[in-house]
Structures are given as C-alpha cells and as structure tokens.
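Asker: Structure of the sequence below:
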Amino acid sequence: MIVEPLLKPYFIRKLRIAIIGTRGIPNQYGGFEQVAAYLGQGLVETGHEVTVYNPHNHRYQEKEWNGVQIVHCYEPGYLGSIGQFVYDLNCILDARKKQFDVWLMLGYTSSSIWGSLFPAGTAIVTNMDGLEWKRSKYSAMVKQFLRFAEKLAVRYSDFLVADSTVIQSYLQQRHAVTSSYIAYGATPINEVDVKWLDAFDVKPGEYFLALARMEPENNIAMLLEGFLKAGTDKKMLVIGNLQTGFGQKMIQRFGSAPGILFHSAEYDMAKLDALRFHASLYFHGHSCGGTNPSLLEAMASMALVAAHDNPFNRAVLGSDAFYFSSADDISQLMNETINHKWAASIKENNILKIQTRYCWSNIVGAYEKLLLDSCQVMQQCETYYV
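Answerer: I've put the predicted structure just below:
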C-alpha cells in the first residue's frame with residue numbers, strides 16, 4: 001500500500017529506525033553504504049534511535065558506530081548473488097523481532113521478494129535506487145526478474161523515495177505511484193593535502209581520474225579507449241574494485257597500456273578529495289541509476305567534471321559539466337577542455353549546488369520528516385493491518 005505523506009503538522013517524537021539493504025557501515029563498498037552512514041549518524045544526532053544491518057563478515061565488528069547501533073547478520077558469500085537474498089532474509093527476520101517504528105529499505109533488488117514478511121503496522125519506506133533492470137551487466141532473465149522485484153517493492157512499501165527527479169517521473173509513469181524526491185548529500189571540502197597523491201603516482205593537474213565500481217554500465221572501457229586515442233602525456237588513474245570479473249578484464253585489456261594506472265577501491269575521504277581536486281578532469285561514466293553519491297562528492301571536491309551524457313547526470317549537473325557519449329568525445333575533452341575559460345565558474349556553480357541542494361543537513365531533515373510522517377500515517381491506518 002502506497003500512502004500519501006501528511007501535509008499537516010506532526011508531533012516530533014523519537015523513532016526507532018532500522019536501515020536495511022546495504023553492505024554495512026562504515027562504508028567500504030558504495031553509494032547506499034555512504035548514505036546509511038551519513039543518514040544514520042544524522043538521525044541519531046537529531047534524537048532518534050537508528051540500527052543499521054551489516055553482513056557478519058564486515059570489517060567493522062563493533063556493535064555501535066558514531067551512535068548508530070550495528071547488527072551483524074550472516075551472509076553466505078560462497079553462494080554468490082544468491083547469498084545476498086539470504087543475507088536480506090536474515091536481516092528481515094532479525095528486524096521482525098524488534099519493535100522498530102519504521103524500516104528504511106535501501107534498494108529492493110534482493111529484499112522485495114521477502115515483502116510478505118514485512119511486519120504489519122511498521123512503516124516500510126523504500127529508496128527505489130536506479131533503474132536496476134537497465135544495467136548492461138545483467139542477462140535478459142535477470143533483467144526480467146529485476147522488473148518483477150521492482151513491482152514487488154512498490155506493492156509492499158508504504159512510502160517510496162526517489163533519489164532523482166528522473167526516477168520520480170518513471171515511478172509515476174510506470175507504476176502510477178507517488179514518491180518523495182530526496183537526493184543524497186556531500187560536504188564541500190575545506191582543504192586538501194597534495195601529499196596524498198604520492199601513493200597513487202600522480203602529480204597535480206597531470207592526470208585524469210575515474211572513480212567507480214568496475215561494472216560495464218560505468219563505461220570504464222570507453223574512458224580508457226578515449227584516453228588512448230587522446231595520445232596525451234597525462235596519466236589516467238582508475239580507482240575501483242579490481243577483483244571483480246569485469247575489473248580483471250579491464251586490467252587484462254588495458255593494464256599494460258602506457259599512462260593507465262589502476263588502483264584498488266579507496267574509501268579514505270581525505271585521499272579521495274585530494275585526488276578529485278587536483279585532477280585535470282574527473283570522469284563520471286555512470287550511465288544508470290539516479291543521483292550518484294560519488295558525483296556529488298566530486299562536485300564538493302571542486303573537480304572539473306566530464307560526465308556520461310544521460311538524463312540522470314544532466315539532472316544533477318545541468319550546464320556545469322562537460323558531457324561525453326563515445327571514446328571520441330572523451331579524447332576530444334582530454335585535449336581541449338583542460339584550461340577551459342569557464343572551468344572556475346563551473347566549479348563554483350557546483351559547489352553552490354552542494355551547499356544549497358545537496359547538503360547533508362537538508363537530506364537528513366527531509367528523511368526525518370518523511371519517516372515521522374510515515375509513522376503517523378501508519379498509526380492512523382493501523383486498522384488496515386490487523
């Protein structure tokens with residue numbers, strides 16, 4: 001059942017919130033994990049009790065992180081992708097035992113099939129992520145399943161969150177449901193230390209940067225092909241999870257090419273901020289999904305952004321970026337936009353977006369209001385869940 005958020009005032013009260021569907025905090029994986037960390041801590045600071053579910057083998061084994069309660073649930077990694085479904089089931093079964101006011105589900109891919117187990121009377125709020133079924137890494141059969149999972153998420157959720165206006169419009173058109181638009185946040189950098197570049201074998205202004213999970217839809221191959229076509233003396237630094245099958249393919253194909261540097265995934269924000277700030281161009285190759293957290297962080301780091309040309313990226317960047325859709329575009333950007341006359345104003349405009357539209361205090365506040373509204377609605381509608 002999808003219900004409309006309340007428009008009338010509500011009474012502030014302390015909520016018990018479960019955040020389910022991530023690879024755990026502190027972040028060592030990706031966007032949803034970054035959201036869970038910032039949002040969990042922010043909601044705790046505003047007076048709520050927050051629990052985040054982590055896999056049993058997460059590097060962080062404590063039961064609390066910055067005031068956020070951590071529950072570790074077993075994930076059978078040896079089962080591959082199926083292990084994610086088992087992990088979500090274990091999280092859901094554990095959360096059912098606790099008296100949470102609201103569950104915030106980050107994504108639906110492997111959790112919506114367990115929707116019949118969602119507890120009656122608890123508000124279920126689902127962040128619908130991007131259009132998962134469009135990702136090129138998936139087979140036709142998997143894409144069909146993801147469309148089915150998307151329908152289940154809509155069916156079993158009480159409230160939906162879209163992190164992009166593009167996703168919000170899609171949900172309305174495809175499923176005839178309303179959703180709350182809440183993006184992600186970032187924090188403008190105060191300072192960067194050039195010393196961090198030494199560990200990556202790059203120098204300020206002498207390299208291009210791509211920071212992404214090694215997946216086909218992030219257009220890593222296109223970026224590297226464009227770099228080789230450009231014939232530049234600069235380096236191309238690619239940071240991501242190199243142990244994946246696709247990551248290994250990229251290393252085999254481009255690892256010996258001159259100027260191309262691969263580095264394993266990095267989560268130290270001081271290092272990442274310095275790398276983004278000092279890059280000649282930051283290439284954001286993501287072609288699927290909504291508002292991507294790594295893009296916001298690049299903007300907050302005052303990086304000069306070149307983004308894959310698609311509605312999701314344009315919704316965030318507008319005219320404050322360079323765009324590409326082919327290796328030839330990338331090659332041209334690398335040779336022609338380094339000293340672009342509008343570079344300074346582009347960076348300033350993106351920082352302003354972060355300060356006004358994508359700041360974490362606004363994002364936490366928007367989520368807090370939605371979660372409070374959702375709980376008040378569920379209390380009024382509880383007779384429907386007997």
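Asker: count of residues packed around the closest residue to Asn350 other than its chain neighbours?
Answerer: Among residues not flanking Asn350 along the chain, Met299 sits closest, at 3.9 Å (C-beta to C-beta, 6 or more residues apart in numbering). Glycine gets a C-beta too; all of them are placed from N, C-alpha and C. Neighbourhood size, Met299 [other C-beta atoms under 10 Å]: 28.
Asker: My guess is Met299 contacts Ile354. True?
Answerer: Yes: counting by C-beta atoms under 8 Å, Ile354 is a contact partner of Met299 at 5.6 Å.
Asker: Quickly list what's touching both of those two.
Answerer: Ala186 (C-beta atoms under 8 Å, 6 or more residues apart in numbering).
Asker: Show me where the stretch 101-250 of the chain has its strands.
Answerer: Assigned by DSSP state E, counting those that start in this stretch, the strands in the stretch 101-250 of the chain fall at 102-106, 123-127, 159-162, 180-181, 207-211, 235-240.
Asker: so which of those strands comes closest to Leu197?
Answerer: strand 207-211 (8.5 Å; C-beta to C-beta).
Asker: Tell me which other helices or strands the top helix by length along the chain touches.
Answerer: When the chain is parsed with DSSP state H, its longest helix is helix 360-380. If contacts are counted by 3 or more C-beta pairs under 8 Å, 6 or more residues apart in numbering; DSSP states H and E, helix 360-380 sits against helix 31-45, strand 102-106, strand 123-127, strand 159-162.
Asker: could these go into JSON lines alongside distance to Ser180 and mean pLDDT?
Answerer: Formatted as JSON lines, those follow (distance: least, C-beta to C-beta, whole Å; pLDDT from 0 to 100):
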{"stretch": "helix 31-45", "distance to Ser180": "14", "mean pLDDT": "93"}
{"stretch": "strand 102-106", "distance to Ser180": "12", "mean pLDDT": "96"}
{"stretch": "strand 123-127", "distance to Ser180": "9", "mean pLDDT": "96"}
{"stretch": "strand 159-162", "distance to Ser180": "5", "mean pLDDT": "96"}
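Asker: Include mean neighbour count and distance to Ser169 when you put these into CSV, please.
Answerer: Output for the helices and strands packed on helix 360-380, formatted as CSV (neighbours: other C-beta atoms under 10 Å; distance: least, C-beta to C-beta, whole Å):
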stretch, mean neighbour count, distance to Ser169
helix 31-45, 22, 21
strand 102-106, 26, 21
strand 123-127, 25, 16
strand 159-162, 24, 8
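Asker: Alright, I will stop here.
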